[in-house]
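Chemist: Task: produce atomic coordinates for the following.
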Amino acid sequence: MRLPGPKNPKNWQNLHRVAKDGLAALLVELGVSILKTVCHPEVLTVFRLAIAESDRAPEIGRALDSSGRETNQRALIELIRKAQARGLVVAGDPEVLAGRYFAALLGGLQIQLLLRVRQAPSKREIDARARAATETLMNLPLVAASRRKQEP
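Modeler: This is a model prediction of the structure:
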């Protein structure tokens, strides 16, 4: 396979678009995976237990946070840094951008589920949330494109 050379910038643009599309797909997949995990009834039960026992055993909460939220946050920050170096995502502080991604992805969902004031999101809502979170990083119209594909 011959890589595109500097004499053909159109090939570089296509390569950049493919890389950006791949990153968007990865971010959507990440969001879907996180939401499926966070919304799983057994995971919610573990979180409720950690909250109930937080006065007596705060290490349970710390362990959950470090193995879940914190790990995902660090991985996303690193991914954003690498993507920024390649010009694939918007400029800005990677920590702030990761925070925006998770805010768009989760919002108040986890609290509502823990309090049992709402049902777990549908597959469609999970996908929409993951696409919206991805859009915050990439400034792509993924939500609108998804709607166009679903409309008859």
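Chemist: At the geometric centre of the chain, which residue do we find?
Modeler: residue 31 (3.5 Å; CA atoms, centre = their mean).
Chemist: OK, contacts around that residue?
Modeler: By CB atoms under 8 Å, 6 or more residues apart in numbering, the residues touching residue 31 are 101, 105, 126, 129-131, 133-134. The C-beta positions use only the backbone N, C-alpha and C, and glycine is treated the same way.
Chemist: ok, now with 10 Å
Modeler: For residue 31, the contacting residues are 76, 101-102, 104-106, 126-134, taking CB atoms under 10 Å, 6 or more residues apart in numbering as the criterion.
Chemist: Next: residue 100.
Modeler: By CB under 10 Å, 6+ apart, residue 100 lies in contact with 90, 92, 133, 136-137.
Chemist: how about 8 Å then?
Modeler: Taking CB under 8 Å, 6+ apart, we find residue 100 in contact with 136-137.
Chemist: Which pLDDT value does the model give the nearest residue to residue 83 once chain neighbours are set aside?
Modeler: Taking CB to CB, 6 or more residues apart in numbering, and ignoring the residues beside it in sequence, residue 83 has residue 89 as its nearest neighbour in space, at 4.4 Å. Per-residue confidence at residue 89 stands at 86 (pLDDT).
Chemist: what does the one 10 residues further on give?
Modeler: According to the predicted model, the pLDDT of residue 99 comes to 94.
Chemist: secondary structure element for it?
Modeler: Assigning secondary structure by DSSP states H and E places residue 99 in helix 94-106.
Chemist: Just the CA trace of the very next helix or strand once past that helix, in CSV.
Modeler: Proceeding C-terminally, helix 94-106 gives way to helix 109-114 as the next helix or strand, assigned by DSSP H and E. Taking C-alpha atoms only, helix 109-114 is exported to CSV below (Å, rounded to 0.1, in the frame of the first residue of the first chain):
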residue,chain,number,x,y,z
LEU,A,109,-28.8,9.6,35.1
GLN,A,110,-26.7,7.7,37.6
ILE,A,111,-28.2,9.6,40.6
GLN,A,112,-31.7,9.1,39.2
LEU,A,113,-31.1,5.3,38.8
LEU,A,114,-29.6,5.0,42.3
